[in-house]
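**Q** A structural model of the following input is requested.
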Amino acid sequence: DDNDKADRRAAEIFEEKMRYYDNVKKANHGSLPFKFEVEQTRVQLAETARRKKRARDTAKAVEDDPVNLTVPPPLDLEQDVEEEELFDADFDQPHTRKRVCMQGAELQSMMVALDAMNDNPKRKRKRKSVGGRADVTFGKITKSGKRSNKKQKLIDNGAQQAASLLYSNVFTEQAALDAPEQPFFTSRTKIQALKELVASVPIEDEKQAKNDATILMKATRQFSRNAVKPDVKSGLWSVKGMKTTLKPYQVLGTGFMRQRENATEEPRGGILADQMGLGKTLMTLANIHDGRPPKGSGRPKATLIVASPALLTQWKSEIEKHSSTELKIMRYGAGTRHNFNASLELLKGHDIVLTTYNEVMLSHPKIEPPESCETEEQEKAWWQETWEQQRGALHRVRFLRIVLDEAQAIKNHMSRTSIACRALQADHKWALSGTPILNSLTELYPYFKFLGVPLIGSFEDFKDDYCNPSSPERLLVRLSHFMIRRTHANTIMGAPILKLPQAHQATYWCEFNPVERCIYEIVRNRFIKRIQTMVKNKALKKSYCNIYVMFLRLRQLAAHILMLQFVIRDLLELEDIELIKQVLRQQTADSNTQSRNTIIAVRKQLQKIADEEKKKKCDDSKVNKEAEGQDQDSVTDEEEGEEEEELESDHRFGTGGSFGKDYNFGPFLSSLQTGKSWERAKKTAKCSTCGKKPQQPMLTSCGHLICADPCYSEACVEMAEQGEENIVCKACGVTSTSTITCDMGTDSQDIPASGTRSNDKKKKDKGRKRIGREDIAHDWLASLDDDVLPSAKTIAVKSQIMNWIKENPNVKIIVYTQFLAMIQILRRVCQKEGWNAIQYHGKMSLTARNNAIQSFGRQEDNVRIMLASMQCGGLGLNLTMASRVIFIDPWWNSGAEQQAFCRVFRIGQREKTFMSRLCVQNTIDNRIIEIQERKEKEIERVMKEGGKPV
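**A** I've put the predicted structure just below:
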């Protein structure tokens, strides 16, 4: 048939290429030039992969099932299983494996950089990809004609799995309150234990339970003989070398890892993409213990684990906590790479090597060809010499296994980190990530290349072959061989795979005060004008980076004004400052009373939102009967009434400490009227009528400048002749209802201050040295000594923390923000309120970060609040000592928020958890939430349609 013809033709092409390289070798006195050596290696690897794939496809075609279901994807429970298969106790022996020669592996490692150069869109020179891509004739995956039921079920399940990679929601997927617990067993043999599990489920779930038991038995057979046994004490499963027992779904996950490592076809690793908090670390450790090579086998024994610096400490702690067999562990870094030869021996002699992504990047030479390399041949020769001389120890050792923790660090296929990780050498490679995809399917490309998936080709080839939204089947079938993903929604034995205390979430919409709103709208309008200018000049495409920075500034401004001192200085014009003065005059009259009332109002609203969320969860779970639910409603109403009375009667408790009770923007406005920016604003100011520098400028109610004489006088006369009281602004065409005289001086002492700062302190702040724009505006923050200017979000943070502390005085809370400047502001908020708080962010040393986590976990330290950056504190950490989370800055993709929340909502959490997300109404926050919701709806539609293309 066509497949046989294609196979014969591919074999003929391969033989022709080998003869060609033999002739080149003879012509060069028995040695191949480097260029041809690289090409020949690629062709040989591609042919080996093609033959394996051909053999696999032939075997599958016999069963009329193009996908290998000998060991089905874990928790793919749609198949029918014969009952007696459950009791088949024969163990499958691990397959023998053909090892890759070191020379070929080293060449393959070196070629990663050359492939990356080909993928670089900025490089003009066209390149050929020899033997790297799956041609249409070689890459057939399915037969023509109608799909089998099994194939269609696999594609449907794969579509949902792929959709969950793009979006998953632990709040909707978590186990319901009334969901059953996982059944346990008391038997000491696997067969009897599985029989007990099946017998413990309701009759209506018995058939599914038998399927689950069969899959579980098959998973245990992927381990070494007698490595997995029932543990009577825990009712779970013990693995040889492990102290900690595994839950059933963790046995399935580890069994999948053992299956991949024992497989004959590539990749002999895969992607462990379980949702955050399900125990990927524990499953990886179980795989490491069971996959240790026999002594004297001559095989590599070291497993390299790559993670962020903070996670390495956690990895070491987890290894020691869960392992009963002693493992030799080393941390490879600056202190261990001073002696190159000693480093090589150290790496080979340990069972587990812990290192960071930065260390891997430093071990890989920079790909910066000199200008003298004009041809592809010269470039390859330069890289071969550079590779041999400059690569570090991590790229000279072949490891048994490489594990990338939080592997989304390599998702940018052109980054130095991604290229360096893909160039590491190992028998088995694993990528661990609860969120491997954040934006698009193309982010899977570096995972495929890292794992060594055959016949992938270049980035453009991958996009064409696998990222076509109208035909997702090819990607889904390919992924099903080496990726496993479970979420909190998965079940086994009729029960959720993991049941944790209920998690709740709520979004609170804050309101700006008049000054915040005024400044936000001024900055927003200035940005809009800049973008309009870009469009007019046809420079929009070249200015995307600048536009993203504008979005970033608006997000910062929505959080706190103090983070944008320099942006405000650069953007604000004379009329803007006069408008802020006017708003500030109107607000300062009763600011103290208004601020106190704001705190009370925000606390009430937050409490109401939390109660509604909890009541909704309770109703959805249908735990109580309808009558009991009515009683509960009445009790809730009474409690809400008592809560409001208590807040109103106990004024001290209702408003807490001093933070947020004063809003004194006067000193900051004064600082805006000093320096070069202020002088520039005065020089560039123009009258909206005559277009010249305004004489005795006045500000209209629409925010434009006009000369007092003659422009304003003439406009008044003109409108009076028409019988109108107010002038019409010639800049915007709006009728101006009022005008005020502008103050062109450098002070603003006419503005009353609601605080108690003296003029002497204000003067000290003038002339402070300007610091980097990426740091917080220190002169603004320092100008208030220990005080801090409140914002809509910081008042909401204070109110939320007060509510949670009232519910539970021992509660531990994590406050996440995207910006380091906000952490400094929040630190002062906590100081003013008398709350003991610690910080956790990337500018702290590793020791300081480790100490912060330890202090946060100790009750005797009385630290109840952690102020953490999303990038540093939102990935990989185990922070189950906390149960409440606040997000100050919404992110474009909710996956990052889910990642951070799952530092708390994970195995080991014993309390109910709550996530509070703070947004400001009528700001960029609205747009971010809209984008999140649109993405969620699109993905939900794909999931409901069973993978049919959108």
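
**Q** contacts for stretch 851-866?
**A** 801, 805, 810-815, 830, 835-840, 844, 873, 877, 879, 881-882 (CB atoms under 8 Å, 6 or more residues apart in numbering). Every C-beta, even on glycine, is put in place using the N, C-alpha and C of the backbone.

**Q** Let's see which of those residues end up in strands.
**A** Those of the contacts of stretch 851-866 mapping onto strands are 813, 814, 815, 837, 838, 839, 840, per DSSP state E.

**Q** May I see these organised as JSON lines, with neighbour count added?
**A** Shown next, in JSON lines, are the ones in strands among the contacts of stretch 851-866 (neighbours: other CB atoms under 10 Å):
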{"residue": "813", "neighbour count": "23"}
{"residue": "814", "neighbour count": "26"}
{"residue": "815", "neighbour count": "25"}
{"residue": "837", "neighbour count": "20"}
{"residue": "838", "neighbour count": "22"}
{"residue": "839", "neighbour count": "21"}
{"residue": "840", "neighbour count": "24"}
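
**Q** possible to save these as TSV with distance to residue 8 and pLDDT?
**A** Putting these into TSV (distance: CB to CB, whole Å; pLDDT from 0 to 100) gives the following:
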residue	distance to residue 8	pLDDT
813	67	96
814	62	97
815	65	97
837	71	94
838	68	95
839	66	95
840	62	94
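
**Q** just the strands in the stretch 451-600 of the chain please.
**A** 483-484, 491-492, 495-496, 503-510 (DSSP state E, counting those that start in this stretch).

**Q** Paired strands for the first one, with orientation please.
**A** This points to strand 483-484. strand 270-272 (parallel) (DSSP bridges).

**Q** picking up where we left off before, closest to residue 432 out of the strands of the stretch 451-600 of the chain?
**A** strand 483-484 (10.9 Å; CB to CB).

**Q** Average pLDDT for the closest one, rounded please.
**A** For strand 483-484, mean pLDDT is 92.

**Q** Same check on stretch 41-55?
**A** 77.

**Q** CA atoms of that stretch as PDB?
**A** Provided in PDB are the C-alpha atoms of stretch 41-55 (Å, rounded to 0.1, in the frame of the first residue of the first chain):
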ATOM      1  CA  THR A  41      24.400  12.500  12.400                       C
ATOM      2  CA  ARG A  42      21.100  14.200  11.800                       C
ATOM      3  CA  VAL A  43      20.200  11.900   8.900                       C
ATOM      4  CA  GLN A  44      21.100   8.800  11.000                       C
ATOM      5  CA  LEU A  45      19.100  10.000  14.000                       C
ATOM      6  CA  ALA A  46      16.100  10.800  11.700                       C
ATOM      7  CA  GLU A  47      16.300   7.400  10.000                       C
ATOM      8  CA  THR A  48      16.400   5.600  13.300                       C
ATOM      9  CA  ALA A  49      13.400   7.500  14.600                       C
ATOM     10  CA  ARG A  50      11.600   6.800  11.300                       C
ATOM     11  CA  ARG A  51      12.100   3.100  11.500                       C
ATOM     12  CA  LYS A  52      11.000   2.900  15.100                       C
ATOM     13  CA  LYS A  53       7.900   4.900  14.200                       C
ATOM     14  CA  ARG A  54       7.200   2.700  11.200                       C
ATOM     15  CA  ALA A  55       7.400  -0.400  13.400                       C
END
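
**Q** all helices of the stretch 351-500 of the chain, in order?
**A** Secondary structure of the stretch 351-500 of the chain by DSSP state H, counting those that start in this stretch: the helices cover 357-363, 376-390, 416-422, 445-451, 459-466, 473-482.

**Q** per-stretch mean pLDDT over those, give me the minimum one.
**A** Minimum mean pLDDT among the helices of the stretch 351-500 of the chain: helix 473-482, a mean of 81.

**Q** which other helices and strands contact that helix?
**A** If contacts are counted by 3 or more CB pairs under 8 Å, 6 or more residues apart in numbering; DSSP states H and E, helix 473-482 sits against helix 149-166, strand 270-272, helix 459-466.

**Q** The ones you listed: lowest mean pLDDT?
**A** Among those, helix 149-166 scores lowest, with a mean of 62.

**Q** Next, the buried residues of whichever helix or strand comes after it.
**A** Remark: after helix 149-166, the chain's next helix or strand is helix 170-173, criterion DSSP states H and E. For helix 170-173, a neighbour-count test (16 or more other CB atoms under 10 Å) marks 170, 171 as buried.

**Q** what mean pLDDT does helix 170-173 have?
**A** Here the average pLDDT along helix 170-173 is 87.

**Q** Contacts for that helix next, please.
**A** Contacts of helix 170-173 (CB under 8 Å, 6+ apart): 275-277, 487-489, 503-505, 898, 901-902, 905, 915.

**Q** go on, stretch 398-406?
**A** So stretch 398-406 is contacted by 102, 105, 261, 269, 281, 284, 288, 291, 293, 299-308, 311, 315, 347, 353, 410, 421, 424-433, 450, 875-876 (CB under 8 Å, 6+ apart).

**Q** could I have that stretch exported to CSV, CA atoms only?
**A** Provided in CSV are the C-alpha atoms of stretch 398-406 (Å, rounded to 0.1, in the frame of the first residue of the first chain):
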residue,chain,number,x,y,z
ARG,A,398,26.0,12.7,30.5
PHE,A,399,23.4,12.3,33.2
LEU,A,400,21.1,9.4,33.9
ARG,A,401,18.1,11.8,34.1
ILE,A,402,17.4,15.5,33.9
VAL,A,403,14.4,17.0,35.6
LEU,A,404,13.3,20.6,34.8
ASP,A,405,11.2,21.9,37.7
GLU,A,406,8.8,24.7,36.7
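
**Q** Make residue 1 into 899 and carry on from there
**A** Shifting the count to begin at 899 puts that one at stretch 1296-1304.

**Q** Let me see the contact set for the nearest residue to residue 1789 once chain neighbours are set aside.
**A** Distance criterion CB to CB, 6 or more residues apart in numbering; nearest residue to residue 1789, sequence neighbours excluded, is residue 1795 at 5.9 Å. Taking CB under 8 Å, 6+ apart as the criterion, residue 1795 is in contact with 1785, 1788, 1789, 1813, 1815.

**Q** Distance from the chain centre to whichever strand or helix holds residue 1795, please.
**A** Using DSSP H and E, residue 1795 falls within helix 1792-1799. Centre-to-centre, helix 1792-1799 and its host chain are 6 Å apart (CA atoms, centre = their mean, to the nearest Å).

**Q** After that helix, which helix or strand is next?
**A** Taking DSSP H and E, what comes next after helix 1792-1799 is strand 1811-1818.

**Q** quick one on the thing from earlier: so the helix holding residue 1795 versus strand 1811-1818, what angle?
**A** 130 degrees (axes from the mean of the first three to the mean of the last three CA atoms, to 10 degrees).

**Q** how about low-confidence regions in the stretch 1049-1198 of the chain?
**A** Applying pLDDT under 70 to the stretch 1049-1198 of the chain picks out residues 1049-1062, 1064-1065.

**Q** Do a quick rundown of the helices in it.
**A** Using DSSP H, counting those that start in this stretch, helices in the stretch 1049-1198 of the chain cover 1068-1071, 1088-1098, 1104-1118, 1146-1160, 1178-1188.

**Q** when you compare where the fourth one runs with where helix 1371-1380 runs, what's the angle?
**A** Here helix 1146-1160 points in a direction 100 degrees away from that of helix 1371-1380 (the same axes, to 10 degrees).

**Q** Please name every helix or strand in contact with helix 1146-1160.
**A** By 3+ CB pairs under 8 Å, 6+ apart, helix 1146-1160 packs against helix 1104-1118, strand 1134-1137, strand 1168-1170, helix 1178-1188, strand 1323-1330, strand 1389-1390.

**Q** and with 6 Å instead?
**A** If you count contacts as 3 or more CB pairs under 6 Å, 6 or more residues apart in numbering; DSSP states H and E, helix 1146-1160 packs onto helix 1104-1118, helix 1178-1188.

**Q** Where does residue 905 fall, secondary structure wise?
**A** Assigned by DSSP H and E, residue 905 falls in helix 900-925.

**Q** What are the buried residues along that helix?
**A** Applying 16+ other CB under 10 Å to helix 900-925 flags 904, 905, 908, 912, 915, 919, 922, 923 as buried.

**Q** Out of the strands of the stretch 1349-1498 of the chain, the one nearest residue 1605 is which?
**A** strand 1401-1408 (39.9 Å).
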